[in-house]
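>>> Sequence below, structure please.
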Amino acid sequence: MTFQAYLDNIEAKTGLTPRQFLELAHEKGFDETTKAAPILAWLAEDYQLGKGHGMALVHVITKGPQISQKHVNTGTAHSDPSDTLWLDGAASNPATT
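Numbers count the residues shown, from 1 in each chain. Predicted structure coming up:
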């Protein structure tokens with residue numbers, strides 16, 4: 001599963017876009033200095049997200065939408081087409097519309 005697919009699956013499960021999760025996280029005081037554990041606990045308790053999906057959001061909350069080039073166009077099942085994740089909802093993603 002690609003990094004973007006994790007985010008799209010989270011949106012399908014919760015009805016919230018990654019950008020909305022980012023805003024909610026900031027309201028809770030989470031930012032680039034926050035460790036993964038408290039974010040994962042919040043996502044599990046409030047949204048029933050497991051560790052894999054939670055870690056995708058941890059990355060967005062603590063590092064933003066950029067991912068490493070090592071995950072881009074590798075030809076593997078985990079390969080993303082871009083090093084920038086789309087945070088505004090799967091339906092509006094220009095790469096898939």
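>>> Is residue 77 in contact with residue 5, as I believe?
No. Applying C-beta atoms under 8 Å as the test, residue 77 and residue 5 come out as separate, 9.6 Å apart. Any C-beta I mention is one placed from the backbone N, CA and C, and that applies to glycine too.
>>> Compare these two (neighbour count), which wins?
A direct count of neighbours by other C-beta atoms under 10 Å for residue 77 and residue 5 places residue 5 higher, at 14 against 8.
>>> phi, psi of the more buried one?
The phi and psi values for residue 5, taken as degrees, to the nearest 10, are phi -60, psi -40.
>>> Repeat that for residue 80.
Dihedral angles of residue 80 (phi, psi; degrees, to the nearest 10) stand at phi -100, psi 150.
>>> What confidence value was assigned to it?
Residue 80 carries a pLDDT score of 79 in this model.
>>> How many residues are close by the spatially closest residue to it that is not a sequence neighbour?
Nearest residue to residue 80, sequence neighbours excluded (C-beta to C-beta, 6 or more residues apart in numbering): residue 2, at 4.7 Å. Residue 2: 19 surrounding residues under other C-beta under 10 Å.
>>> is it true that residue 2 touches residue 75?
No. Counting by C-beta under 8 Å, residue 75 is not a contact partner of residue 2; they are 11.9 Å apart.
>>> quick one, what contacts the residue nearest to residue 80?
For residue 2, the contacting residues are 77-81, by C-beta atoms under 8 Å, 6 or more residues apart in numbering.
>>> can you check residue 87 too?
Taking C-beta under 8 Å, 6+ apart as the test, what residue 87 contacts is 7, 17-19, 22, 60, 65.
>>> Out of those, give me the one that has the most neighbours.
residue 7 (26 neighbours).
>>> and that one, what element?
Counting by DSSP states H and E, the element that carries residue 7 is helix 3-14.
>>> Kindly report the same for residue 77.
Counting by DSSP H and E, there is no helix or strand that carries residue 77.
>>> For the residue lying closest to it once chain neighbours are set aside, give me the pLDDT.
The shortest distance from residue 77 to any residue other than its chain neighbours is 6.9 Å, reached at residue 1 (C-beta to C-beta, 6+ apart). If you check residue 1, the pLDDT there is 83.
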